[in-house]
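Engineer: Please find the sequence and the predicted model below.
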Amino acid sequence: MTSKTAEINSARLKALLDGVNAFGANPATGGFNRPGFSDADMAVRDWLAGQMETDGLAVSRDQAGNLFGRLGPAEGACVMAGSHLDTVPEGGAFDGALGVAVALECARAIRDAGLALETPLVVVATSEEEGRFGGMLGSQTISGRVTPDWIRTAEDADGVRLADAVRAQDLDPSRLGEAAWPAGSIKAFLELHIEQGPVLESEGLPIGIVDAVSGVLVLGVTFRGTANHSGTTPMHLRADAFLGLAETGSAIRGVIDRVGSDQSRVTIGKVDLKPNFPHTIAGEAEFTMIIRDTSAKVMADLRGEIETAIRQAAMSHGLAFDIEERSHLPPMALDAGVRDAIVATATRLNLPHRIMPSGAGHDAQTMQAFCPAGLIFVPSRGGISHAPEEWTDWPHIEKGAELMLNTICRLTGAADRSL
């Protein structure tokens, strides 16, 4: 037990979050644009590094763009806490950024209370979590899961290569493997994140404690037919790539009904039609299909059924097709011991909560393969995320930050220095 109590400074936390969101803000839409390895993404990391240094943290970075701030003993396994700073295009103010701001505010609160840490706390701002290049590069680098083949071949939806994007920010892609942390160097990883769904709000709860995170499989699909005149080509003589796309999309609901679960999500995402002209039949349709579930078996069954639907659509419309696996993060059960520590802390603080799965991927999912990991959710108004309308009420943020702070103190053995 500690004789002094660390407390969240709500005004300071809000100022920190606002400072992060000064980077990449689009006043015209209300959205935020900090794609991984963009100039805005790197600028916010420079700014946050300055904040950490002013706070007295030992600051370091790696070749993946991950930013670390260490509080407490310089040696030994740490408790790592944080999230990501990058956004999707026109994203919201809270996704990722809130978790980083809360982790740094926890370090500030521990410092202000004069508490000594038996186990050091490392605040982390991970890089490229939003999957611009198909994975979660920052946490995959920390956990040693980045392969040379992926570094060499990964590219974004616009054809920009990961290696080139890294080099453009004066980082060295050939050294990403060196950034892996040694086995046993992280005692536990903690992340606070907005739910990005409607469950907590619908149940009137301020806190979710995650027990499992859905896997994410990204497939790149291409149908190739024949571009031709839309007025002179009879319907029965067409090889219309768009119709292959449409038939595949219409098959999704039936696939989930046959082999899916209540946690299954199948989404057609970015779509490119060629030549994409009003009076020309589509000769090519290229699109992403993202498959999610908390069960590896269900994900495999969904993939099999989806690939069958793609083959059938191609046959129906006289199309050639390709299916490429672009990335695959397996579903992950988070550590029961860390989860129980969060639950016990929430109970002690009289914070209403529920245990729940996450349908979205998070750094905690990747880190769990390397060390025990825990994930705290706070509600999302209307369940909206990845959009300028993303919002979490501040009282819920304060409760989540209080839970994170007290869980960190519990896992780091924070104690009054004067004792």
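Structural biologist: Cool, the structure landed. Numbers count the residues shown, from 1 in each chain.

Engineer: Contacts only, for residue 174.
Structural biologist: residue 151 (C-beta atoms under 8 Å, 6 or more residues apart in numbering). To be clear about C-beta, it is placed using only N, CA and C from the backbone, and glycine gets the same treatment.

Engineer: That one belongs to a helix?
Structural biologist: Yes. Residue 174: assigned to a helix according to DSSP: H, G, I helix; E, B strand; the rest coil.

Engineer: okay, it: pLDDT?
Structural biologist: pLDDT, residue 174: 91.

Engineer: Next one: it relative to residue 122, how far apart?
Structural biologist: Between residue 174 and residue 122 the distance is 25 Å, computed by C-beta to C-beta, to the nearest Å.

Engineer: Ok, residue 332 next?
Structural biologist: Distance from residue 332 to residue 122, counting by C-beta to C-beta: 21 Å.

Engineer: which residues of the stretch 251-400 of the chain fall in strands?
Structural biologist: Using DSSP state E, counting those that start in this stretch, the strands of the stretch 251-400 of the chain run over 265-274, 284-293, 320-329, 332-333, 353-358, 373-378.

Engineer: Single out the most deeply packed of the ones you listed.
Structural biologist: Counting by mean count of other C-beta atoms under 10 Å, strand 373-378 has the highest mean neighbour count of the strands of the stretch 251-400 of the chain, with a mean of 28.

Engineer: Now do that one: distance to the chain's middle.
Structural biologist: The chain centre lies 12 Å from the centre of strand 373-378; the measure is C-alpha atoms, centre = their mean, to the nearest Å.

Engineer: ok, now which ones touch residue 73?
Structural biologist: 117, 118, 119, 120 are the contacts of residue 73 under C-beta under 8 Å, 6+ apart.

Engineer: Now do the last one against residue 113, distance only.
Structural biologist: Plainly put, residue 120 is 16 Å away from residue 113 if you go by C-beta to C-beta.

Engineer: Residue nearest the middle of the chain, spatially speaking?
Structural biologist: residue 362 (3.9 Å; C-alpha atoms, centre = their mean).

Engineer: ok, that one touching residue 213?
Structural biologist: Yes. Shown here, residue 362 and residue 213 form a contact pair, counting by C-beta atoms under 8 Å, at 6.0 Å.

Engineer: could you list every residue that touches residue 333?
Structural biologist: By C-beta under 8 Å, 6+ apart, the contact list for residue 333 reads 211, 212, 368.

Engineer: partners of the second one in the sheet?
Structural biologist: Beta bridges link residue 212 to residue 333, residue 357 when assigned by DSSP bridges.

Engineer: confidence score at residue 264?
Structural biologist: At residue 264, the pLDDT value in this model is 96.

Engineer: and what of residue 399?
Structural biologist: The model's pLDDT for residue 399 equals 98.

Engineer: so how far is residue 351 from the residue nearest to it when sequence neighbours are not counted?
Structural biologist: Among residues not flanking residue 399 along the chain, residue 206 sits closest, at 4.5 Å (C-beta to C-beta, 6 or more residues apart in numbering). For residue 206, the distance to residue 351 equals 6 Å [C-beta to C-beta].

Engineer: What residues of the host helix or strand of residue 410 count as buried?
Structural biologist: Per DSSP states H and E, residue 410 falls inside helix 394-412. Along helix 394-412, these residues count as buried under the neighbour rule (16 or more other C-beta atoms under 10 Å): 396-409, 411-412.

Engineer: Equivalent analysis for stretch 135-149, please.
Structural biologist: 135, 136, 137, 138, 139, 140, 141, 142, 143, 145, 146.

Engineer: same deal with stretch 341-354?
Structural biologist: Buried, per 16+ other C-beta under 10 Å, within stretch 341-354: 341, 342, 343, 345, 346, 351, 353.

Engineer: Turn those into JSON lines, including pLDDT and distance to residue 160.
Structural biologist: As requested, the buried residues of stretch 341-354 are exported to JSON lines (pLDDT from 0 to 100; distance: C-beta to C-beta, whole Å):
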{"residue": "341", "pLDDT": "97", "distance to residue 160": "41"}
{"residue": "342", "pLDDT": "98", "distance to residue 160": "38"}
{"residue": "343", "pLDDT": "98", "distance to residue 160": "42"}
{"residue": "345", "pLDDT": "97", "distance to residue 160": "42"}
{"residue": "346", "pLDDT": "98", "distance to residue 160": "42"}
{"residue": "351", "pLDDT": "98", "distance to residue 160": "43"}
{"residue": "353", "pLDDT": "98", "distance to residue 160": "41"}
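
Engineer: Okay then, goodbye and thanks.
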